[in-house]
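Asks: Just a sequence and a predicted model for now, questions to come.
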Amino acid sequence: MGKIKAFLQKKDIIISGKRYGIDALGAMAQGLFCTLLVGTILNTVGQQLHIGFLTTAIVTLGKGEGAVSYTIGGLASAMVGPGIAIAIGFALHCAPLVLFSLIPVGFAANAMGGAGGPLAVYVVAIVASEFGKLVSKETKIDILVTPIVTILVGIGLSVLVAAPIGAAASAVGNAVKWATLQQPFLMGILVSVIIGLALTLPISSAAICAALSLTGLAGGAAVAGCCAQMVGFAVMSFRENRWGGLVAQGIGTSMLQMPNIIKNPRIWIPPTLASAITGPLATCLFRLEMNGAPVSSGMGTCGLVGQIGVYTGWVETGHAITAMDWIGLVMICFLLPAVLSWGFCWILRKWGWIKENDLKLDL
């Protein structure tokens, strides 16, 4: 047993919640961002601003009626499987031969996983990465052995589990979306709070939303929760962190507050209460839906990706955009989170639950 443990340690194979639940999941979100999300944004910008080189097909695969044409954004989006797999491999410290062999593995897992492809890629890429690391540099013909093992394990596992994983993820996502339609008030609160908390925790809310294909009203509630955390922390900590903190948290990530949350968990109360209010307002009053890329549901105001995703959904579904839509987007994503979080924080400061510099960031 000791020899096995020593061998795994030598291979940097660490079976832990942090390695797989935080490092790999965070990398998955980055892979999604650099492929599917960026591709969606490029397509939307090209269509709305009539930019020729972004709307013109540059690659056509196949012939006749089965031909598929891709724009620059379309090509980026099509690489979502390989993008996730390579990102996960990088997070798991894979050697180059393992890392590059994950390209076909990611493509296969995503294709076989259907609507839940990203989650299938996540599971398969972790297993393929670790098996590849096991044999990496163990033979004199490493250049053959490592890619073959990584690809066979990855694609073989995809054949076995990608479709069931994808179907399960899709079923869970559909159940959440169905429940949100049936009980928009209750589910608006639950989805908003849970996804918002996930955004601030060192896990990936974007990856969760992508894995569950969380769109529609449920996606709108997720956007509300993420915005409440990011804008909330940015505004309520302005006295400590000034403009740098406002931008870092409001456009970057509220995860920066995790060290402070560990020291004083009460600082998490204001943005979480704000999300419990904005979530049902998004679902019941403004009927805010996210019908763009599911990953956008878990991005909040990070690079304004959540708002771009909502707008993309309006465009792609042919939604007639009204003034109420814009008012709802601004209220749910910016104004309400700022006012509510600041107000709740003011009360907790008065009570002594939040003290001076409890929200100070080391910027």
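Replies: Nice, thanks for sending it over.

Asks: where in this protein is pLDDT low?
Replies: For the chain, residues meeting the criterion pLDDT under 70 lie at 363.

Asks: Let's see that with 80 instead.
Replies: 1-2, 29, 37, 40, 44, 48, 64-66, 115, 202-204, 363 (pLDDT under 80).

Asks: now the strands for it?
Replies: 59-61, 68-70 (DSSP state E).

Asks: if we look at the last one, which residues are touching it?
Replies: Applying Cβ atoms under 8 Å, 6 or more residues apart in numbering, the external contacts of strand 68-70 come out as Ala57, Ile58, Val59, Thr60, Leu61, Gly62, Ala78. Quick note: C-beta positions are derived from backbone N, CA and C, even for glycine.

Asks: want to try a markdown table for those residues, with neighbour count and distance to Ser101 as columns?
Replies: Formatted as a markdown table, the contacts of strand 68-70 follow (neighbours: other Cβ atoms under 10 Å; distance: Cβ to Cβ, whole Å):
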| residue | neighbour count | distance to Ser101 |
| --- | --- | --- |
| Ala57 | 13 | 30 |
| Ile58 | 12 | 27 |
| Val59 | 12 | 24 |
| Thr60 | 10 | 28 |
| Leu61 | 10 | 23 |
| Gly62 | 9 | 26 |
| Ala78 | 19 | 19 |
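
Asks: Make CSV from those and add distance to Leu97 to it.
Replies: What follows is these, written out as CSV (distance: Cβ to Cβ, whole Å):
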residue, distance to Leu97
Ala57, 34
Ile58, 30
Val59, 28
Thr60, 32
Leu61, 28
Gly62, 31
Ala78, 24
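
Asks: What is the most widely separated pair among these?
Replies: Farthest pair in the contacts of strand 68-70 (Cβ to Cβ) is Ile58 and Gly62. Separation: 15.1 Å.

Asks: re the thing from before, turn the strands of the chain into a markdown table, columns for distance to Ala27.
Replies: As requested, these are exported to a markdown table (distance: least, Cβ to Cβ, whole Å):
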| stretch | distance to Ala27 |
| --- | --- |
| strand 59-61 | 27 |
| strand 68-70 | 25 |
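
Asks: of all those, which lies closest to Leu273?
Replies: Nearest of those (Cβ to Cβ): strand 68-70, 44.8 Å.

Asks: Identify the residues contacting Ser129.
Replies: Contacts of Ser129 (Cβ under 8 Å, 6+ apart): Ile88, Gly89, Leu92, Cys94, Val98, Leu102, Thr150.

Asks: What is the burial count for the last one?
Replies: Right, the one you point to is Thr150. Thr150 is flanked by 30 other residues according to other Cβ atoms under 10 Å.

Asks: Distance check, it against Met28.
Replies: As judged by Cβ to Cβ, to the nearest Å, Thr150 and Met28 stand 18 Å apart.

Asks: Please apply the same query to the first one.
Replies: Relative to Met28, Ile88 is positioned 6 Å away (criterion: Cβ to Cβ).

Asks: intersection of neighbour lists for these two?
Replies: Val121, Tyr122.

Asks: Could you point out which of the strands of the chain sits nearest Trp353?
Replies: Going by Cβ to Cβ, the one of these nearest Trp353 is strand 68-70, 53.4 Å.

Asks: who does the closest one pair up with?
Replies: The pairing partners recorded for strand 68-70 under DSSP bridges are strand 59-61 (antiparallel).

Asks: Torsion angles phi and psi at the nearest residue to Lys263 once chain neighbours are set aside?
Replies: Once flanking residues are discounted, Lys263 sits nearest to Asp358: 7.3 Å by Cβ to Cβ, 6 or more residues apart in numbering. Main-chain torsions, Asp358, degrees, to the nearest 10: phi -60, psi -20.

Asks: how much space is there between Asp358 and Met230?
Replies: With Cβ to Cβ as the criterion, Asp358 and Met230 are 18 Å apart.

Asks: same deal with Gln48?
Replies: With Cβ to Cβ as the criterion, Gln48 and Met230 are 25 Å apart.

Asks: okay, the two: which has more neighbours?
Replies: Between Gln48 and Met230, counted using other Cβ under 10 Å, Met230 has the larger neighbour count: 31 against 13.

Asks: For the residue nearest to Leu25 when sequence neighbours are not counted, list the residues it contacts.
Replies: Take Leu25 and drop its neighbours on the chain: the residue closest to it by Cβ to Cβ, 6+ apart is Ser204, 4.7 Å away. By Cβ under 8 Å, 6+ apart, the contact list for Ser204 reads Leu25, Gly26, Met28, Ala29, Ala198, Gly298.

Asks: That'll do, ta.
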